[in-house]
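Trainee: Structure for the following, please:
(one chain, ligands or ions: 1)
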Amino acid sequence: MIENRAKGPRKISVLFVCLGNICRSPMAEGIFRQQVQAAGLGPYIFIDSAGTADYHIGEGPDVRARYACASRGVDIDQVKGRQASPEDFYFFDYILAMDEHNLQHLKSIRPRDGYAHLSLFTAFGKGPYKGKSVPDPYSGGIEGFHQLLDILEDGAQGLLEKIRRDHAL
Ligand code: 4NP
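Mentor: Coordinates of the predicted model:
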């Protein structure tokens with residue numbers, strides 16, 4: 001992550017955060033990256049994900065999340081679980097929480113002078129999940145992961161539109 005940012009001009013940076021960093025946030029990361037690349041904006045936007053908990057540090061995404069993403073042509077196999085930290089608020093321009101619990105946790109670790117924009121991931125979507133928590137699929141079946149795809153695509157599209165407006169991209 002740091003190495004990526006050390007080279008070349010400064011990128012706009014986006015961090016997706018859920019609880020475990022093995023289901024929702026890696027899926028959001030992969031789906032958003034697909035949209036960013038399709039828009040030709042890959043060179044300008046750095047994308048990462050993290051969990052509020054330390055349960056799955058160093059692990060890859062849940063296999064159900066991988067399968068669901070693969071059904072839309074999105075490969076998230078390379079994501080490695082990590083925990084969100086206060087330093088992230090100095091590094092990222094946008095930090096997007098997948099649910100209200102994640103958002104409250106992030107507010108509790110945010111440094112006073114941290115400058116990242118912090119909001120719910122769904123804040124910029126247009127669909128029925130706009131402004132709502134993304135359901136935690138971990139304890140359910142594979143269908144719960146597939147149901148997330150439309151929610152995540154809608155939220156990611158809205159986020160990309162906001163970033164394009166904010167930065168005249
Ligand atoms: P995520 O899902 O926050 O979307 O990655 C979960 C992953 C792991 C656990 C809970 C939710 N867990 O309790 O281990």
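
Trainee: isn't Lys130 right up against Ser119?
Mentor: No. Using C-beta atoms under 8 Å, Lys130 is not in contact with Ser119, being 11.8 Å away. C-beta: built from backbone N, CA, C; applies to glycine.

Trainee: If we ignore the residues flanking it in sequence, what's nearest Pro43?
Mentor: Excluding the flanking residues, the one nearest Pro43 by C-beta to C-beta, 6 or more residues apart in numbering is Lys11, at 7.7 Å.

Trainee: oh, I was asking about Ala123
Mentor: Per C-beta to C-beta, 6+ apart, closest to Ala123 is Gly131, 6.1 Å.

Trainee: Assign the one you found to helix, strand or coil.
Mentor: coil (DSSP: H, G, I helix; E, B strand; the rest coil).

Trainee: what about it, how many residues close to it?
Mentor: 10 (other C-beta atoms under 10 Å).

Trainee: Also the one 10 residues further on?
Mentor: Under the neighbour criterion other C-beta under 10 Å, Gly141 is assigned a count of 9.

Trainee: Also the one 3 residues further on?
Mentor: Counted with other C-beta under 10 Å, residues neighbouring Gly144 total 16.

Trainee: State whether it is indeed within a helix.
Mentor: Yes. Gly144: assigned to a helix according to three-state DSSP.

Trainee: State the pLDDT value of it.
Mentor: Per-residue pLDDT puts Gly144 at 98.

Trainee: Enumerate every residue touching the closest residue in space to it that isn't next to it in sequence.
Mentor: Spatial nearest neighbour of Gly144, excluding adjacent residues (C-beta to C-beta, 6+ apart): Pro137 at 3.8 Å. Counting by C-beta atoms under 8 Å, 6 or more residues apart in numbering, Pro137 touches Cys23, Arg24, Arg64, Ala65, Gly144, Phe145, Gln147, Leu148.

Trainee: I'd like to know how far the fifth one sits from the ligand.
Mentor: Think Gly144. Gly144 sits at a distance of 10 Å from the ligand (criterion: C-beta to the nearest ligand atom, to the nearest Å).

Trainee: List the neighbouring strands of the helix or strand Val14 falls within plus their orientation.
Mentor: Taking DSSP states H and E as the criterion, the element that holds Val14 is strand 12-18. Sheet pairing of strand 12-18 (DSSP bridges) gives strand 45-51 (parallel), strand 94-97 (parallel).
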